[in-house]
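Enquirer: Please find the sequence and the predicted model below.
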2 protein chains.
Amino acid sequence: MRFGIVVYEGVEPIDVGATFGVLSMARRVEPRIEMFLVAPHAGAVRLAGGLEVVAGHGFADCPAADAFIVTGGPGWTREAANPEMLAFLRRLAGTSPLVASVCTGAMILAAAGLLDGRRATTKREVTGAEVPPIAILRDRHPAVRVLTARVVDEGAVVTGGGVSLAIDLTLHLIGRLCGQSVAAETARIIEYTAAWRANGAAFEAPAPAT
Amino acid sequence: MRFGIVVYEGVEPIDVGATFGVLSMARRVEPRIEMFLVAPHAGAVRLAGGLEVVAGHGFADCPAADAFIVTGGPGWTREAANPEMLAFLRRLAGTSPLVASVCTGAMILAAAGLLDGRRATTKREVTGAEVPPIAILRDRHPAVRVLTARVVDEGAVVTGGGVSLAIDLTLHLIGRLCGQSVAAETARIIEYTAAWRANGAAFEAPAPAT
């Protein structure tokens, strides 16, 4: 039950809190859960808003894991064109049972070709002049069946919606790997039960992104 | 519109993601928002689950801010007995317009005496043998009027519920400092609107903690 969280310069800090942080709380329910951060290079990584976190591993010394979660944030535009990142993700897809994304992490999975022929989702809501990532995903990657959804589970590849919905994706993976009762108990102790239920109702029928 | 986030060894990473991380997203709506981490000493701080973050400031060189948010996590038990932390919080209460807590950060505010004579809330839901912090708050601090609530706003001091409810507390502070439309727009772009509404309904009538 080991989770690798893939980070890079310009990830939104909430994407780390809602993946690594939810897993940290889930360990109170299932102590066999482990997690680590992996970045292109081990050491300090500067996230959006200036938060610095320390990645325990670089791509070159990345341990095996039962699931990897690729985080999102404004740095995705650079990483979607970073050959080192794309090669790493393709290697994960070939060697790991499960590769997932939260928020705009899906844009990097798409650039690596991991979403081709699959259903997927990503961040929808933006402000100002920003173009919705879900529209970019649909326009740039015609081989991806893009859905408006909270979580899209395609077995070996799982994608989640934007920002705070990373909590829902992480709970979904906990449910798959550790059992639904561990996921529900984790939602309860992070005081997310009402929110989880509301998000479930809001996305009851995943629909093609328009 | 500057926010200081108070961290220490053993904070839950989701508490940083849900405060600093929500503010980082809010900057897309209101670019004048700024935030920084402050810890007893500047530099690397080891959070729960092993995540390392870098605090830009120590207590000795802490800048002024419009609001400080004290985070929670298992380290609270040590910090509630740390004279350096308690002196720092009392100094903030005397010099800052607003001191807030998320999750078990309230336990440290209580130990510093900042909640005496005020209404307050903290984390409720626990698993296994853990005692609910809200029960400890009520039993150890009879001068605090402890409520089951999402956010308790007492003007100069604001406390929030457990773990993921740190998102709701941060949105509440954004509403107070930057206006309700900035808070609502931030909730929308973090794809939290349904969850926010559901949490509001779940805690419609704050009640004395039992």
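Expert: All right, it came through fine.
Enquirer: who touches A:Thr77 in this structure?
Expert: Going by Cβ atoms under 8 Å, 6 or more residues apart in numbering or on different chains, A:Thr77 touches A:Met107. Placement of C-beta: from N, CA and C, glycine included.
Enquirer: now do A:Glu125
Expert: Here A:Glu125 is in contact with A:132, A:162, B:188-191 (Cβ under 8 Å, 6+ apart).
Enquirer: swap in A:Val45?
Expert: A:7-9, A:11, A:37, A:39, A:52-55.
Enquirer: Give me the three-state assignment for the closest residue to A:Glu52 other than its chain neighbours.
Expert: Leaving out its chain neighbours, the residue that sits closest to A:Glu52 by Cβ to Cβ, 6 or more residues apart in numbering or on different chains is B:Val54, at 3.8 Å. Recorded secondary structure, B:Val54: strand (DSSP: H, G, I helix; E, B strand; the rest coil).
Enquirer: ok, now A:Leu173?
Expert: When classified by three-state DSSP, A:Leu173 comes out as helix.
Enquirer: distance of the nearest residue to it once chain neighbours are set aside from A:Gly21?
Expert: In space, A:Leu173 comes closest to A:Ala67 once its chain neighbours are excluded; the distance is 5.5 Å by Cβ to Cβ, 6+ apart. Distance, A:Ala67 to A:Gly21, using Cβ to Cβ, to the nearest Å: 16 Å.
Enquirer: ok, these two, which is more surrounded?
Expert: A:Gly21 (35 against 23; other Cβ atoms under 10 Å in any protein chain shown).
Enquirer: and that one, what does it touch?
Expert: Taking Cβ under 8 Å, 6+ apart, one finds B:12-18, B:49, B:51 in contact with A:Gly21.
Enquirer: For it, give me phi and psi.
Expert: Phi and psi for A:Gly21, reported as degrees, to the nearest 10, are phi -70, psi -40.
Enquirer: cool, and A:Glu30?
Expert: Note on A:Glu30: backbone dihedrals following degrees, to the nearest 10 are phi -130, psi 90.
Enquirer: burial of A:Ile167, as a residue count?
Expert: 32.
Enquirer: To which secondary structure element is it assigned?
Expert: Assigned by DSSP states H and E, A:Ile167 belongs to helix A:165-178.
Enquirer: Now do that helix against helix B:165-178, angle only.
Expert: For helix A:165-178 against helix B:165-178, the angle by axes from the mean of the first three to the mean of the last three Cα atoms, to 10 degrees is 180 degrees.
Enquirer: Report all helices and strands that helix A:165-178 contacts.
Expert: helix A:20-26, strand A:67-70, strand A:151-153, strand A:157-160, helix A:180-189, helix A:193-202 (3 or more Cβ pairs under 8 Å, 6 or more residues apart in numbering or on different chains; DSSP states H and E).
Enquirer: what is the rounded mean pLDDT of the first one?
Expert: What helix A:20-26 shows for mean pLDDT is 98.
Enquirer: Tell me the gap between the helix or strand just after it and the middle of its chain.
Expert: Of the helices and strands lying after helix A:20-26 in sequence (DSSP H and E), the nearest is strand A:34-39. Here strand A:34-39 is found 13 Å from its chain centre; the criterion is Cα atoms, centre = their mean, to the nearest Å.
Enquirer: same check, this time on stretch A:59-67
Expert: 16 Å.
Enquirer: what comes up buried for that stretch?
Expert: Neighbour-count burial for stretch A:59-67, with 16 or more other Cβ atoms under 10 Å in any protein chain shown as criterion, is recorded at A:59, A:62, A:65-67.
Enquirer: Is A:Arg78 located within a strand, as I assumed?
Expert: No - using three-state DSSP, the assignment for A:Arg78 is helix, not a strand.
Enquirer: and it, what is it in contact with?
Expert: A:Arg78 neighbours (Cβ under 8 Å, 6+ apart): A:8-10.
Enquirer: can you tell me how far it sits from chain B?
Expert: Note on A:Arg78: its distance to chain B, by Cβ to the nearest Cβ, to the nearest Å, is 17 Å.
Enquirer: Residue ranges in chain A under the pLDDT threshold?
Expert: A:210 (pLDDT under 70).
Enquirer: before we move on, the earlier item: so the residue nearest to A:Leu173 sits right up against A:Ile5, yeah?
Expert: No - using Cβ atoms under 8 Å, A:Ala67 is not in contact with A:Ile5, being 9.7 Å away.
Enquirer: Which residue is the nearest non-sequential neighbour of the residue of chain A found nearest chain B?
Expert: Residue nearest to chain B within chain A: A:Gly17 (1.3 Å; Cβ to the nearest Cβ). In space, A:Gly17 comes closest to B:Gly17 once its chain neighbours are excluded; the distance is 1.3 Å by Cβ to Cβ, 6+ apart.
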